[in-house]
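Visitor: what follows is a predicted structure for the sequence shown.
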There are 2 protein chains.
Amino acid sequence: MRESEVISTFLRYLKRQGDLPLGDDAGAIKLRDRWLVATNDMLVGKTDVPGIMTPRQVGFKAVTMNLSDVAAMGARPIGFLFSLGITSDLDSDYIEGIAKGIGEALDFYKVPVLSADTNEADDLVIDGMAIGTTKRLLPRSGAKPGDLVCVTGDLGRALAGYLVWRDDLEVGGRVKDALYERFLEPKARVEEGVVLSAVASSAIDVSDGLAKELNILSERSGVKICVDAWKLPVREEVIRVSEILGLDVHKLALASGEEFEILFTLPEDLLEGLTFDCTVIGRVFEGNGVYLMDRGRAEKLPPLGWEHMVPRGSWY
Amino acid sequence: MRESEVISTFLRYLKRQGDLPLGDDAGAIKLRDRWLVATNDMLVGKTDVPGIMTPRQVGFKAVTMNLSDVAAMGARPIGFLFSLGITSDLDSDYIEGIAKGIGEALDFYKVPVLSADTNEADDLVIDGMAIGTTKRLLPRSGAKPGDLVCVTGDLGRALAGYLVWRDDLEVGGRVKDALYERFLEPKARVEEGVVLSAVASSAIDVSDGLAKELNILSERSGVKICVDAWKLPVREEVIRVSEILGLDVHKLALASGEEFEILFTLPEDLLEGLTFDCTVIGRVFEGNGVYLMDRGRAEKLPPLGWEHMVPRGSWY
C-alpha cells in the first residue's frame, strides 16, 4: 500500500475533524478568541536519519520539524511532547545524545516539554508533537491574486549538504560547514511565524522542497503562482555544489527539502512592515498551476519534492 | 539500558518543563484561566498488541489510552493526534481496520482528529496524543489525610480476559464476552473525569494496575493509603477465572492493568455530589505506604503492576 493510499484510507474514516480540516501544516481548534494549533511528525531511524547525523542532531531535529509546522500556521509554540521507540541494543551514549539534543532544542526555542513516553521498538522512532496558540491562523488556502510570494532565509543547503555527504564531494571546510549547518542542524522560523500571523495571507514550511510547497499553496488557494528563478535566495556554497555536479542551481534550490524556511504570501503593501529579512520570489495571479520564470520563458513547475528527486537522482 | 535508566537520562536533560512538571498522567500549562493538558502514549505492535486483537480494536485502544490520561487529569479532551508507523508488508485490510477503529473511537468520545502522520517503520507503531482543557487540574499529588479512596467501574476483567486467552480457559461464552469487552475494547472514563475535576483531590487512571497506581498516589501525595480488599469492585466473571486458576481474586484485581478506570481521592462530604457510580475502596491517612486490609490483617502492598506479574506469573 502506497503512502497516498494509506492516507486516503484514513481520511475515509476520520470524519470528525477540527475547526480547520486535515491538510494544513497543523490542525487547529478554536478556544474562545484564540486558535490552538497542534501537529505531530514521526522520525524513523531507518528512513529519516542519515548515518552522518549525531544523536544530538537527531534529537534537535525532532523538535525543529514539529515547531516549524506550528510556526508555519502563524502560532507561537507553547509545548512539545514526544514518544521514543528504542531498540533493546541501542547504546546509552546514543540515548543520552538524543536526550541532550531534545533538551538543547527546547532551550533554544524556549518551549517546555509537556509529556514523554519511552518504549521498546524494532527501530529508532522519535515521534514529536507540538502545540501552539495564535489569534490568527495562516492556512495554506489563503493566497490571493496580487499577493507577493516570499520566503525566509535561503534555500538549497540541505540538499547540497546531503549530496556532498552522499557523493563525498571535495568542497573545502568552509563550504561544507555552511551546508552541513542546514543539512544536519536546521532551525525552525519560530519568531518569523509569529510576525507573519498578523500580515501573511497563507504560509507553509519548506519540508518537502519549495517546488512541492508552491504547488500545495497554488492548489489549496485556487490561484496561479509565478516564481522568478533568479530571485530564489541561494548562497554561494550551494552554487559551488551545483557547479561541481553540473546541476541547475535553481532546481537544486526548488527540490531541497527539510529547509524549514517559511514560504508565504502577503499583500504588497504589508511587505514594508515585516521586521525580518525575506526574499520576494514571485507573485500570485488568478488561474492555477505554478510557473518558473527564467529569462522570459515560463516553465510549469511540477509538484516534485526532495523524496522524488534525491534517492533516484531523477531530476539531474 | 533499562526503561528506568532511559527515563532518568532524559529527565537530566529536560529541564524546561510545563507549569505542572513531568510525572503526572499528562503535562499541563496554564492558558489564562484554564489549564491545557497534553499527553502521548505509544502503542508498539510487538509488545502492546496481543495476537487476538483485531486492527479495529488496536485503533480504538490507541485513542482510549490517551483520552484516559486526559480524563484522569480532570480535563475534557478536545483533540486527538496520531502518528502511524507501518511495515511495508502490512496488508490493506489491517490498515483499514486501524483507520476504522480510530474513527469509531473519535465518534464514540466525540473528539476531533487534529493531525495525523504516516511513516514506514520496522514494526507497527501507533503513537497517539490527546489534548484537553480544564479549569481545575487533578494531580497525583493532591490526596489528603481523611479523604476517601474511590474507583470507577470494576477491576480485573482485563487481566482475567488475558489469562483466559493465554491459557485457553474454558469459561463459556457469556463470561468470555464480559472479560474480552474490557481486555480488548476498554473505554476511557471521559465524562467521569470532567465531573471529578470539580471535587476530587487527586486522580490517576488504572493503566499499570491498581496496586501500582495506589503506590504512585501515596508517594506523590506523601500519605498512607489503606484499601479494604473486600471492597474492591470485582465482577463475578473475574471471580470465576480466579477460582479456575486458584488465584486470589483481590490480587488479580490489583494487578490488572489497562482497565482505564479512574482511581481518585476526595473529601468524604463531597461523595454525595457525584453524579456517577463508583466504589469507596479505602481511606487516606497521615504516613506513607499502601496497605491492603483483609479481615483485620494489614498487608503492605508493593507497587507491582501488570507488566511485573503477568509475563512471569510470579504473583500467583
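Guide: Everything's here; your move.
Visitor: every contact and neighbour count from this point should use C-alpha atoms.
Guide: OK.
Visitor: tell me how chain A divides into domains.
Guide: What the record gives for chain A is the domain set A:3-134, A:148-309, from automatic domain parsing.
Visitor: model confidence over the longest one, on average?
Guide: When you say that, I think you mean domain A:148-309. Mean pLDDT, domain A:148-309: 94.
Visitor: ok, and what's touching stretch A:57-66?
Guide: The contact list for stretch A:57-66 (C-alpha atoms under 8 Å, 6 or more residues apart in numbering or on different chains) reads A:39-43, A:49, A:80, A:97-106, A:126-130, A:184-188, A:258, A:260.
Visitor: could you pull up the mean pLDDT of that stretch?
Guide: Mean predicted lDDT for stretch A:57-66 stands at 96.
Visitor: ok, stretch A:118-127 next?
Guide: Per-residue scores along stretch A:118-127 average to 88.
Visitor: send me that stretch as PDB with only the CA atoms.
Guide: Below are the C-alpha coordinates for stretch A:118-127, written out as PDB (Å, rounded to 0.1, in the frame of the first residue of the first chain):
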ATOM      1  CA  THR A 118       9.500   5.600  26.100                       C
ATOM      2  CA  ASN A 119       9.000   2.100  24.500                       C
ATOM      3  CA  GLU A 120      11.000  -0.700  23.100                       C
ATOM      4  CA  ALA A 121      10.700  -1.000  19.300                       C
ATOM      5  CA  ASP A 122      12.400  -2.600  16.400                       C
ATOM      6  CA  ASP A 123      13.800   0.600  15.100                       C
ATOM      7  CA  LEU A 124      14.600   4.000  16.500                       C
ATOM      8  CA  VAL A 125      11.400   6.100  16.400                       C
ATOM      9  CA  ILE A 126      11.000   9.700  17.800                       C
ATOM     10  CA  ASP A 127       7.500  10.900  17.400                       C
END
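Visitor: is that stretch anywhere near chain B?
Guide: Yes - counting by C-alpha under 8 Å from any C-alpha of the partner chain, chain B has neighbours in stretch A:118-127: A:T118, A:N119, A:E120, A:A121, A:D122, A:D123, A:D127.
Visitor: so which of those wins on neighbours?
Guide: A:D127 (30 neighbours; other C-alpha atoms under 10 Å in any protein chain shown).
Visitor: beta partners of that residue?
Guide: Using DSSP bridges, the beta-bridge partners of A:D127 come out as A:M42, A:S83.
Visitor: quick one, what contacts it?
Guide: Contacts of A:D127 by C-alpha under 8 Å, 6+ apart are A:N40, A:D41, A:M42, A:L43, A:A62, A:F82, A:S83, A:L84, B:S83, B:D127.
Visitor: for these, give me TSV that also has distance to B:I204.
Guide: Shown next, in TSV, are the contacts of A:D127 (distance: C-alpha to C-alpha, whole Å):
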residue	distance to B:I204
A:N40	25
A:D41	28
A:M42	28
A:L43	30
A:A62	29
A:F82	21
A:S83	20
A:L84	22
B:S83	25
B:D127	21
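Visitor: wait, A:L159 touches A:G257, no?
Guide: Yes - using C-alpha atoms under 8 Å, A:L159 is in contact with A:G257, at 6.8 Å.
Visitor: which of the residues in the strand or helix carrying A:S8 are buried?
Guide: Assigned by DSSP states H and E, A:S8 belongs to helix A:3-13. Using 16 or more other C-alpha atoms under 10 Å in any protein chain shown as the burial criterion, the residues of helix A:3-13 that qualify are A:V6, A:T9, A:F10, A:L11, A:Y13.
Visitor: swap in stretch A:267-281?
Guide: Within stretch A:267-281, the residues that count as buried by 16+ other C-alpha under 10 Å are A:P267, A:L271, A:C278, A:T279, A:V280, A:I281.
Visitor: tell me who's in contact with the residue most central in space within chain A.
Guide: In chain A, the residue lying closest to the centroid (C-alpha atoms, centre = their mean) is A:S207, at 2.6 Å. Taking C-alpha under 8 Å, 6+ apart, we find A:S207 in contact with A:G257, A:E258, A:E259, A:F260.
Visitor: that one: what secondary structure?
Guide: Reduced to three states with DSSP: H, G, I helix; E, B strand; the rest coil, the structure at A:S207 is coil.
Visitor: what's the closest non-adjacent residue to it?
Guide: Sequence neighbours aside, A:E258 is the residue nearest to A:S207 in space, at 4.1 Å (criterion: C-alpha to C-alpha, 6 or more residues apart in numbering or on different chains).
Visitor: now do the one you found against chain B, distance only.
Guide: 16 Å (C-alpha to the nearest C-alpha, to the nearest Å).
Visitor: A strand includes that residue, no?
Guide: No - under three-state DSSP, A:E258 sits outside any strand and is assigned coil.
Visitor: which parts of the stretch 151-300 of chain A are strands?
Guide: Applying DSSP state E, counting those that start in this stretch to the stretch 151-300 of chain A gives strands spanning A:202-205, A:224-228, A:262-266, A:278-285, A:289-294, A:297-300.
Visitor: closest one to chain B among the ones you listed?
Guide: strand A:202-205 (15.2 Å; C-alpha to the nearest C-alpha).
Visitor: so what strands line up beside the closest one?
Guide: Under the criterion DSSP bridges, strand A:202-205 sits next to strand A:262-266 (antiparallel) in its sheet.
Visitor: point out the residues in the stretch 51-200 of chain A that sit beside chain B.
Guide: So far as C-alpha under 8 Å from any C-alpha goes, the stretch 51-200 of chain A lies against chain B at A:79, A:81-83, A:88, A:90-92, A:95-96, A:99-100, A:102-104, A:106-107, A:110-123, A:127, A:129.
Visitor: widest-spaced pair of the residues of stretch A:118-127 next to chain B?
Guide: Among the residues of stretch A:118-127 next to chain B, the pair separated by the greatest distance (C-alpha to C-alpha) is A:D122 and A:D127, at 14.4 Å.
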